[in-house]
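In: Need a 3D model of the sequence below.
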Amino acid sequence: MTKKRKTKKEEEKEVKPKVHKELEGFEISINQFGEIRSNMNIEKINEFLNENVDDKKLAEREDYEDMKKPKKKKK
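Out: Prediction:
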């Protein structure tokens, strides 16, 4: 199958979603083999999610508040 080329009007209609400033320029897609392709390192994405998103499954744990506190990084 060949890909249908987009006209200039169709390209202008594509609006980028609003994102957090730390994720500015982040793009993600799935190729024809089902692989997730991204322009950002997965470690950076995970770090962002750990800092900004609460984990619903862990919220029931008694030590969850202690886990949320930032840890000092070792050098």
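In: Can you pull the phi/psi pair for N41?
Out: When read as degrees, to the nearest 10, the backbone of N41 gives phi -60, psi 130.
In: what residues are up against the residue nearest to the spatial centre of the chain?
Out: Nearest residue to the geometric centre of the chain (C-alpha atoms, centre = their mean): I45, 5.2 Å. For I45, the contact set (C-beta atoms under 8 Å, 6 or more residues apart in numbering) comprises 23, 26, 38. C-beta here means a position set from N, CA and C on the backbone, and glycine is covered the same way.
In: between those, which is nearest N52?
Out: Distance to N52 across those (C-beta to C-beta) is lowest for L23, with 9.7 Å.
In: helices and strands of the chain: which one bottoms out on pLDDT?
Out: Lowest by mean pLDDT, DSSP states H and E among the helices and strands of the chain is helix 8-13, with a mean of 65.
In: after that helix comes which helix or strand?
Out: strand 28-30 (DSSP states H and E).
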